[in-house]
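In: Just to be clear, the model below is a prediction. Sequence and coordinates:
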Amino acid sequence: MGLFSFFSKDKKEDLDKGLEKTRQSVFTKLSKAVIGKSKVDDEVLDELEEILVTSDVGVHTTLKIIERVESRVSRDKYLGTNELNGILKEEIIGLLQENNSGDGEDFELPKGKKPYVIMVVGVNGVGKTTTIGKLAYNFKKAGKKVVLGAADTFRAAAVDQLTIWSQRVDVPIVSQGMGADPASVAFDTLKSAVSQQADVVIIDTAGRLHNKVNLMKELTKIKTVMQKVVVDAPHEILLVLDASTGQNAIEQARQFTTATEVNALALTKLDGTAKGGVVIGISDQFKIPVKYIGIGERMEDLQIFNRRKFVESLFDE
């Protein structure tokens, strides 16, 4: 069990607090749906469908969950409403498992990848820079040597913000300032990381979606240049999404997965929304693992996503 184990009491309490708005919304509606009912019938299932859709799980994923619950009801012949919560949790955990979401436990790195290169993508305003800062903090706390790369050179604020985070966390940053070539920044960052024998490199990139073709070209160029230093870089392309935007986050995921090979997701701002169900929907729709969730302002409030703990927190009173 590592430093950031999800099974520690304080982490569980932080998760419960971070998901409080979504949990209150879901559990209150679920309680009303089954009040006075002794078994799971069509009316209860219709109510459940509406609860999941309004929690931003998404229509496609909601129907999949309802089908699974219906199958259990049909197979077991008689199911009381007191069993519904348990069944619902089991089926959602199973769905997340199929997409490899929530397999991690600690801020660990794969063996044989040094430096491990993370390229972070996402639109402006989703908490991308903050997530990078929190990642750097957690990796450093886990004993890893971290280098940051400020390759979002289209906004002066992005470079400044990442510099502030590097100072706060006390990790080195490579920056060429606003207007510099992002690929050049990425190249220099990896060169610096290799010379310093860093364990992990986190590269920020521009958060623009207005022209998908240009975005694709830019991200491809960054990847190509990085591979001149680390042949299989980037090892992780992390898409950061703001969970509080609900279905808009799903649309952003669609745009970015078209533009580049996203293989990990981070959902931020879960503490400020009742739309936590979007985590389930995005994982299911895009078959990309949710790796991190943001549940507060503190640096410790970026957690490794654990599907079982997440679902239990979401559906337990």
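Out: Looks like it came in fine. Residues are numbered from 1 along each chain as shown.

In: Please enumerate the strands of this structure.
Out: 116-121, 146-150, 173-174, 200-204, 236-242, 264-268, 290-294, 302-304 (DSSP state E).

In: Out of those, flag the one nearest A156.
Out: Among these, the nearest to A156 by C-beta to C-beta is strand 146-150 (10.6 Å). Using the backbone N, CA and C atoms, a C-beta is placed for each residue, glycine as well.

In: Against which helices or strands is that closest one packed?
Out: helix 128-141, helix 156-169, strand 173-174, helix 182-195, strand 200-204 (3 or more C-beta pairs under 8 Å, 6 or more residues apart in numbering; DSSP states H and E).

In: what's the average pLDDT for the first one?
Out: Averaging pLDDT along helix 128-141 yields 96.

In: tilt between it and strand 146-150?
Out: 160 degrees (axes from the mean of the first three to the mean of the last three C-alpha atoms, to 10 degrees).

In: Counting by contacts, list what helix 128-141 packs against.
Out: Helix 128-141 packs on strand 116-121, strand 146-150, helix 156-169, strand 200-204, strand 264-268, strand 290-294, strand 302-304, going by 3+ C-beta pairs under 8 Å, 6+ apart.

In: Who does the fifth one pair with, and is each partner parallel or antiparallel?
Out: Read it as strand 264-268. Note on strand 264-268: by DSSP bridges, its sheet partners are strand 236-242 (parallel), strand 290-294 (parallel).

In: for the residue nearest the centre of the chain, what are its contacts?
Out: The C-alpha lying nearest the average C-alpha coordinate of the chain belongs to A266 (C-alpha atoms, centre = their mean; 2.0 Å). Counting by C-beta atoms under 8 Å, 6 or more residues apart in numbering, A266 makes contact with 131, 238-241, 290-294, 302.

In: redo that, cut-off 10 Å
Out: 120, 122, 126-128, 131-132, 134-135, 238-241, 243, 290-294, 302, 305 (C-beta atoms under 10 Å, 6 or more residues apart in numbering).

In: got the contact list for the nearest residue to it once chain neighbours are set aside?
Out: Nearest residue to A266 in three dimensions, chain neighbours excluded: Y292, at 4.1 Å (C-beta to C-beta, 6 or more residues apart in numbering). Applying C-beta under 10 Å, 6+ apart to Y292 gives the contacts 104, 107, 131, 134-135, 138, 238, 240, 264-268, 302-305.

In: same check, this time on L265
Out: 99, 101, 122, 238-241, 249, 253, 256-257, 279, 282-283, 286, 288-293, 305.

In: thinking again about what came up before, relative to I65, which of the strands of the chain is closest?
Out: The nearest among the strands of the chain, by C-beta to C-beta, is strand 290-294 at 16.3 Å.

In: Tell me how many other residues crowd K64.
Out: 18 (other C-beta atoms under 10 Å).

In: My guess is it contacts L96. True?
Out: No. Taking contacts as C-beta atoms under 10 Å, K64 lies outside contact range of L96: 11.9 Å.

In: Overlap of the contact sets of those two?
Out: With C-beta under 10 Å, 6+ apart as the test, K64 and L96 both reach 280, 284.

In: dump the residue contacts of the nearest residue to M178 once chain neighbours are set aside.
Out: Nearest residue to M178, sequence neighbours excluded (C-beta to C-beta, 6+ apart): A156, at 4.2 Å. For A156, the contact set (C-beta under 10 Å, 6+ apart) comprises 177-179.
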